[in-house]
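S.K.: take this sequence and fold it.
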Amino acid sequence: MKTIKKRITLYYLLFIAIFFSACDKYRVYESNIDMKDMKWYADSVKKYTFLIEDSQINYNLLYNVRNTLNYPYYNLYIKYELKDSTGKTLSTDLQEVQLMDAKTGEPFGSGLGDIFDHRFYAIKNFKFPAAGRYTMTVKQYMRQDPITEIMAFGIRVERAATL
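M.R.: Next comes the predicted model:
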């Protein structure tokens, strides 16, 4: 009897997981990389490779950042490079994102306890030149090395909403 209940519970949880993962109709790719010991070294380049199947539509590329309240700064400088499958650079930039209010120290994003998640645009309404594999590399560009209290960093590629 207990085996049947466990099996039903397992199927129920599997159904919920599939249902909620299917609800995100805009997501094409999303991957987050955990930072060992919550430290991000300047020479630690994060690499994300994803497939674009439809080059006729626009896409948004976003950063996912997870940090603790003990992160020592209110901002984070990030340098990215987006390349196609031949290694040709399509876009590169140094960007600043705000994790906390500079005056009050109040964290932005959504959080639970002392952990906060943020999502920032890296590139809005980007049109890929062709279907295929693309790679985005990202590194932190802060003066301190390593920066601490960054738990994870990732990217998300999504279809841009059409009006």
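S.K.: so how far is T104 from L112?
M.R.: Separation of L112 from T104 (C-beta to C-beta, to the nearest Å) stands at 20 Å. Heads up, the C-betas are built off the backbone N, CA and C, glycines and all.
S.K.: what's the following helix or strand after the worst-scoring helix or strand of the chain on mean pLDDT?
M.R.: Taking mean pLDDT, DSSP states H and E as the measure, the chain has helix 2-22 as its least confident helix or strand, at a mean of 53. Sequence order places strand 27-34 as the next helix or strand after helix 2-22, per DSSP states H and E.
S.K.: other SSEs contacting that following strand?
M.R.: Judged by 3 or more C-beta pairs under 8 Å, 6 or more residues apart in numbering; DSSP states H and E, the packing partners of strand 27-34 are strand 46-52, strand 59-68, strand 150-159.
S.K.: can you do 10 Å?
M.R.: strand 46-52, strand 59-68, strand 132-140, strand 150-159 (3 or more C-beta pairs under 10 Å, 6 or more residues apart in numbering; DSSP states H and E).
S.K.: looking at those, which is nearest to Y77?
M.R.: Of all those, strand 132-140 sits nearest to Y77, with 6.9 Å by C-beta to C-beta.
S.K.: neighbouring strands - and their directions - for the closest one?
M.R.: strand 46-52 (antiparallel), strand 75-83 (antiparallel) (DSSP bridges).
S.K.: which outside residues touch the first one?
M.R.: Yep, that's strand 46-52 we're talking about. Contact with strand 46-52 is made by 28-33, 35, 40, 59, 61, 78, 80-85, 126-140, 152-157, as judged by C-beta atoms under 10 Å, 6 or more residues apart in numbering.
S.K.: need the buried ones from those selected in ChimeraX.
M.R.: Buried members of these, defined by 16 or more other C-beta atoms under 10 Å, are picked up in ChimeraX with:
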select :28,29,32,33,35,40,59,61,78,80,81,82,83,84,126,128,134,136,137,138,139,140,152,153,154,155,156,157
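S.K.: out of the strands paired with strand 132-140, nearest to H118?
M.R.: strand 75-83 (8.9 Å).
S.K.: can you list the low-confidence ranges for this protein?
M.R.: The chain contains residues with pLDDT under 70 at 1-23, 162-163.
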